[in-house]
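1. Predicted model and sequence follow; I will ask about them next.
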Amino acid sequence: MDRPLPPALLDGLNDAQRAAVSHQHGPLLIVAGAGSGKTRVITRRIAALVARGVAPHRLLAITFTNKAAREMAARVEQLLPGSHAWVSTFHAAAAKLLRLGGEAIGLSRDFTICDRDDLVAIVRRLLKAHGHDPKEVRPEGVVEQISLWKNHGLSPESAKQEAHEPAWRPGAAALGTVASELWPELATTMREGRLLDFDDLLLEARRLVADPIAGAPWRSRFEHVLVDEYQDTNKVQSELADLLASGHGNLAACGDPDQSIYAWRGADLSNILEFTRRYPTATMVRLEQNYRSKGAILAVASAVIEKNVHRVERGLVPVLDYGERPRLLFGWTDNDEAELVAREIFRLIADHGVRSREIAVLYRTNALSRPFEAALRARGIAYRVVGALEFYARKEVKDLLAWLRLKANPRDPEAFLRVVNTPPRGIGEVAQGQLLQAAREAGVDYCTLVEDEARRPRLKGVAGKGAVALAAWLRWLRSAPDRPVAALLQELISVVGYESHLTEAYGEIDGGERIDNVRELIADANDFDVTNPEGGLARFLEERALVQDADDAGAERTDAVSLMTLHAAKGLEFAAVFLAGLEETRLPHRRADSPLEIEEERRLFYVGITRARERLYLSHAGQRFVFGRSEPATPSRFLHDLPPHLIDGGVAADETFDAAPRAVQVVLDDEVAESEGFVAGERVEHEKFGVGKILDVVGRGRSSRVRVVFRSGEKLLDLNYARLKKVRSHEF
DNA sequence: GTAAAATATGTTTTT
DNA sequence: CATATTTTAC
């Protein structure tokens, strides 16, 4: 310990960065503004600690996403080849902790991590059993409420008193009342099924580490604990970090209050704001020099964030030159906007030699990606949508994972319910209810239950026969080796006949697409087998549960423009950034109404702006397709807040909007024509069916449909969804 | 009772 | 448009 630091680790750092890297003992708070070299400081700090004699495996670094964890681990590896510092997210760390030591606090070794969908499904069943109308009480709302309660330290019992929320609609049951009514049963179902959700992982991990006896080894396991994105930790997370560092107090927290964008998920800004009060001996380092963005971009960022009232005054000093001022783009419709963006991206790539991977289009919600995908595709520009289509959320993927889950944890009710009748084998809703009930009464797992059922049948008719078939597969599943995962999966698919089920249920074309996803899952499992030669099924499932995005799981890194939400862009940087859909009800989002929520939306805008290194574009449209309908859109209030002199051409939002024709500057006749109504007799083109002719228009407004005759036959198309394009008659 | 077919309906953000 | 729920047919 306390060996001198190799000077190379401090090379090229400013004073504040050096202080953060070389700090040795006791609590440390790093308040790091956007682009202030935070990642560099953290990795160097880890290396510095090791250089001073701390064993790498006695360091724990916690990041916000799995991707960040992987990247940081790789960077540390670069600095210190062969080191094995533990870098992970809170949830992954908690899961590992519980696998290793959970039994000491009465947890089963083979628990399953369940996602939000599983919770919602369980709650939906409970709602039904209690006779609630799922339209009056949304199961999603109940899940959200219970999650909030959990994070505030409530228990199923204590929630009863808290729940006096008025009904939002006359006659409807109050959400809080229903949630508190269902929570005990939900907890029972989870316990019996050995299920842990994301909140439970953290809560149980905290319970383990806080335990006077069982937690002792964990409280001294790490000599240093480091938490990145500290501004987005919730109470349970910060307490877990405190506990893990409680043996020595070597806790380093690193974050930026201006980039707090997860309050809706329980993130508690007071964790970082009051860090020095909790740790009075803490050293505080401020990183306030921005090495990432050009001055012009930073000027806009500052102008934006300064509007927030609930904020500690802080500066971000540009190091780079001023550069080009951000540009405002306006399109009459969302398609026009996307067209302008795609055109500009093309120009950047073709004329300025910007790499595609250095360009990002950022928006508030995933649903906004469509027009950009289409416009980029039309120009042949490679792009990838980050995070949106969750691979593991697809039905066929979930089905197969459910079989694996059932093998890993035969008491998992959600896995059982997915498996029991896919492919259909005559065990319908009623029989399923009976099986669930019987399992609970006998206290046995579902595999045992079904095998018993096959021996001494109680279900009648088709259901009984189905149970016999299912029992045979389950017996096979139980005896199959759980490694390699890809082989197990492959065999499972052929034993169950899953691929033929897909083609039967969805047809050749649709089924084929789903089979592709199945193959992708096998490839994914194979990747896992190769990279984790000793990893078993449980580990595979845990990784899939904690990692939502398939890209995240370690797929290709192609040169492509990135499309993603502002939340997903956190921690990333690009040479050119397009912030799109800057309109009221989108940014700020329509559901953000309180001043505090508006401030979080503004921080989101700020995060987006500060992703850009050299070029920034702010774009919005005058009309946008929402719910399949074109609606007028007004520029975001955040655009109005921008001082005109900071924007290219000195045009602020209100002026642009009035001067729209000049701002567009391009002829987009085709697109304009597209948004007009259709008339009988017109020629149209459909993506799948080709060119056709409108026979007549049924209904008006929201529910209007058109009857079109195509070469393949007549179709009734809902204009809200079918993407029909007009075709000039001479092209027909 | 189950399975296929018709219909309803939904969009913040995510570990 | 894709999934979830309800209706209908067997």
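-> Received, thanks.
2. Can you report how many residues neighbour the residue of the stretch 251-400 of chain A found nearest DNA strand C?
-> At 4.8 Å from DNA strand C, A:K395 is the closest residue in the stretch 251-400 of chain A, using CB to the nearest atom of the strand. From N, CA and C alone the C-beta is placed, and that goes for glycine too. The tally of other residues near A:K395 (other CB atoms under 10 Å) stands at 13.
3. and the residue lying closest to it once chain neighbours are set aside, what element?
-> With CB to CB, 6 or more residues apart in numbering as the criterion, A:K395 has its nearest non-adjacent residue at 7.6 Å, and that residue is A:R514. If you go by DSSP states H and E, A:R514 is part of helix A:498-531.
4. just checking, next helix/strand downstream of that helix?
-> According to DSSP H and E, the helix or strand after helix A:498-531 is helix A:537-546.
5. ok, that following helix near DNA strand B or not?
-> Yes: using CB under 7 Å from any atom of the strand, helix A:537-546 comes into contact with DNA strand B via A:L546.
6. and that helix with helix A:498-531, angle?
-> Angle of helix A:537-546 versus helix A:498-531, following axes from the mean of the first three to the mean of the last three CA atoms, to 10 degrees, is 100 degrees.
7. coming back round to it: now do the buried residues in the helix holding A:R514.
-> Going by neighbour count (16 or more other CB atoms under 10 Å), the buried part of helix A:498-531 is A:498-499, A:501-502, A:506, A:511, A:514-515, A:517-518, A:520-522, A:524-526, A:528-529.
8. Averaged pLDDT, that helix. What do you get?
-> In this model, helix A:498-531 has a mean pLDDT of 83.
9. And for stretch A:593-609?
-> 92.
10. what does that stretch rub up against?
-> With CB atoms under 8 Å, 6 or more residues apart in numbering as the contact definition, stretch A:593-609 has outside contacts at A:34, A:258-261, A:263-264, A:297, A:300-301, A:304-305, A:307-311, A:326, A:362, A:364, A:566-567, A:569-570, A:577, A:579, A:582, A:587-589, A:591-592, A:616, A:636, A:638.
11. Whichever of those end up buried, select them in PyMOL.
-> A single PyMOL command selects the buried members of the contacts of stretch A:593-609 (16+ other CB under 10 Å):
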select buried, chain A and resi 34+258+259+260+261+263+297+300+301+304+305+308+326+362+364+566+567+569+570+577+579+582+587+588+589+592+616+636+638
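12. re earlier: which neighbouring elements make contact with the helix holding A:R514?
-> For helix A:498-531, the packing partners by 3 or more CB pairs under 8 Å, 6 or more residues apart in numbering; DSSP states H and E come out as helix A:395-408, helix A:485-496, helix A:537-546.
13. That helix near DNA strand C at all?
-> No: counting by CB under 7 Å from any atom of the strand, DNA strand C has no neighbours in helix A:498-531; the shortest distance is 7.8 Å.
14. quick one: that helix to helix A:485-496, angle?
-> 170 degrees.
15. Verify the stated contact: A:S302 with A:P318.
-> No: using CB atoms under 8 Å, A:S302 is not in contact with A:P318; the gap is 9.5 Å.
16. quick one on the thing from earlier: tell me which of the contacts of stretch A:593-609 fall in helices.
-> Mapping the contacts of stretch A:593-609 onto helices (DSSP state H) picks out A:I297, A:V300, A:A301, A:V304, A:I305, A:F638.
17. want to throw these into JSON lines with distance to A:R70 and pLDDT?
-> Formatted as JSON lines, the ones in helices among the contacts of stretch A:593-609 follow (distance: CB to CB, whole Å; pLDDT from 0 to 100):
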{"residue": "A:I297", "distance to A:R70": "28", "pLDDT": "95"}
{"residue": "A:V300", "distance to A:R70": "32", "pLDDT": "94"}
{"residue": "A:A301", "distance to A:R70": "28", "pLDDT": "94"}
{"residue": "A:V304", "distance to A:R70": "31", "pLDDT": "94"}
{"residue": "A:I305", "distance to A:R70": "30", "pLDDT": "93"}
{"residue": "A:F638", "distance to A:R70": "33", "pLDDT": "93"}
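18. that older thread, run the angle between the helix holding A:R514 and helix A:395-408 for me.
-> Using the same axes, to 10 degrees: helix A:498-531 against helix A:395-408 is 70 degrees.
19. The closest residue to A:G464 other than its chain neighbours: neighbour count?
-> What sits nearest to A:G464 in space, not counting adjacent residues and going by CB to CB, 6+ apart, is A:P457, at 4.7 Å. When neighbours are defined as other CB under 10 Å, A:P457 has 13 of them.
20. and A:P457, helix, strand or coil?
-> Recorded secondary structure, A:P457: coil (DSSP: H, G, I helix; E, B strand; the rest coil).
21. With A:D510 as the reference, measure out to it.
-> Distance from A:P457 to A:D510, counting by CB to CB, to the nearest Å: 36 Å.
22. Tell me who's in contact with the residue of the stretch 151-300 of chain A found nearest DNA strand C.
-> Residue nearest to DNA strand C within the stretch 151-300 of chain A: A:L182 (15.3 Å; CB to the nearest atom of the strand). Under the criterion of CB under 8 Å, 6+ apart, the neighbours of A:L182 are A:V123, A:L126, A:L127, A:H130, A:V142, A:I146.
23. before we move on, back to that, wait, doesn't the residue nearest to A:K395 sit right on A:G507?
-> No: A:R514 is beyond contact range of A:G507, at 10.1 Å (criterion: CB under 8 Å).
24. what touches both of these two?
-> Shared contacts of A:R514 and A:G507 (CB under 8 Å, 6+ apart): none.
25. which stretches of the stretch 51-200 of chain A have low pLDDT?
-> A:134-135, A:162-173 (pLDDT under 70).
26. Can you show me the helices along it?
-> A:66-79, A:90-101, A:116-129, A:139-151, A:159-162, A:175-192, A:198-210 (DSSP state H, counting those that start in this stretch).
27. Serialize these to CSV and add fields for distance to A:I609.
-> Shown next, in CSV, are these (distance: least, CB to CB, whole Å):
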stretch, distance to A:I609
helix A:66-79, 20
helix A:90-101, 27
helix A:116-129, 30
helix A:139-151, 30
helix A:159-162, 39
helix A:175-192, 36
helix A:198-210, 30
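28. do you know which of these lies nearest A:R624?
-> Taking CB to CB, helix A:139-151 is the member of the helices of the stretch 51-200 of chain A nearest to A:R624, at 24.8 Å.
29. I'd like the mean pLDDT over stretch A:338-357, please.
-> 92.
30. what's the distance between the residue nearest to A:A51 when sequence neighbours are not counted and DNA strand B?
-> Spatial nearest neighbour of A:A51, chain neighbours left out: A:P6 (5.6 Å); criterion: CB to CB, 6+ apart. Here A:P6 is placed at a distance of 33 Å from DNA strand B (CB to the nearest atom of the strand, to the nearest Å).
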